[in-house]
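[1] I need the structure of the sequence given here:
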Amino acid sequence: MSTENELIDWEQLDMMADGYTPDFVEIYREFLEQTPGLFTRLENHLAAGDLHGAKDAAHKIKGSAANFGFLGVSAPMARLEHQIKENEILDGGPIWLREARENFERSQAEVREKRGI
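    Below is the predicted model of the structure:
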């Protein structure tokens, strides 16, 4: 059981990893490689005022991060996605984006330290 303040839901990650098979490691590495580009896309959409594109990018990051148990990424992306849907983006979008990016880096380091990938 995880709480909102946790960075990683280890049960979710371990369940998804199913023994940390080579197939999982490949998928996990793709997630690590692709997510920074999604953050950049999200930032660009926000800067351009493209709320549809921003919502789509936030949703993709949120879903991928949740699959891997990266709670510290999925939670702020969920907040941002909600703000975009409610057209309240000016209230905190950059804060949630910054928090998610920082937590993404921290999560990677923690998984590398605790699971060796």
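[2] element containing the residue lying closest to Met77 once chain neighbours are set aside, please.
    Among residues not flanking Met77 along the chain, Lys62 sits closest, at 3.7 Å (Cβ to Cβ, 6 or more residues apart in numbering). Placement of C-beta: from N, CA and C, glycine included. Using DSSP states H and E, Lys62 maps to helix 51-67.
[3] what's whichever strand or helix holds Leu80 packed up against?
    Per DSSP H and E, Leu80 falls inside helix 71-85. Judged by 3 or more Cβ pairs under 8 Å, 6 or more residues apart in numbering; DSSP states H and E, helix 71-85 is in contact with helix 51-67, helix 93-115.
[4] With mean pLDDT as added columns, please give the ones you listed in JSON lines.
    Listed next are these as JSON lines, based on pLDDT from 0 to 100:
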{"stretch": "helix 51-67", "mean pLDDT": "97"}
{"stretch": "helix 93-115", "mean pLDDT": "95"}
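[5] out of the ones you listed, deepest packed?
    helix 51-67 (a mean of 19; mean count of other Cβ atoms under 10 Å).
[6] got a list of contacts for that one?
    12, 16, 31, 34-35, 38-39, 41-42, 45-46, 71, 73-74, 77-78, 80-81, 84-85, 87, 89, 93, 100, 104 (Cβ atoms under 8 Å, 6 or more residues apart in numbering).
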